[in-house]
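**Q** model the following, please.
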Amino acid sequence: MTQDSGLTFISREVNKEIGDSAPEEYLANFNTNVLAQHFIPTDKRLWKIEKFEKFLNTRLKLIWEATEELLRQLS
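**A** Numbering: from 1, shown residues only. Predicted coordinates for the structure are as follows:
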């Protein structure tokens, strides 16, 4: 498993707003729909740096579940 699972596409403006803020600070500014679109776990405890590995595992699970659902719809 790589840390690439923590990446998401954001605009330059959003990146400037985030700056060097900790995830638990900037993620709280996004509504749950935006978080869901990026497969960001909504459990705020996982937004802490020390929980990064658990965050990644949870995010990968969300991505996998969405992939499985898409594959079901296509078959």
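
**Q** pLDDT score assigned to the closest residue to Leu27 other than its chain neighbours?
**A** What sits nearest to Leu27 in space, not counting adjacent residues and going by CB to CB, 6 or more residues apart in numbering, is Trp47, at 5.1 Å. Any C-beta I mention is one placed from the backbone N, CA and C, and that applies to glycine too. pLDDT recorded at Trp47 is 97.

**Q** next: Gln3.
**A** 50.

**Q** ok, now Leu71?
**A** Leu71 is assigned 97 on the pLDDT scale.

**Q** list the contacts for it?
**A** Leu71 is in contact with no residue at all, counting by CB atoms under 8 Å, 6 or more residues apart in numbering.

**Q** what helix or strand is it on?
**A** Taking DSSP states H and E as the criterion, Leu71 maps to helix 52-74.

**Q** just Asn33 next, same as before
**A** helix 32-37.

**Q** tell me where the model's unsure across the chain.
**A** 1-6 (pLDDT under 70).
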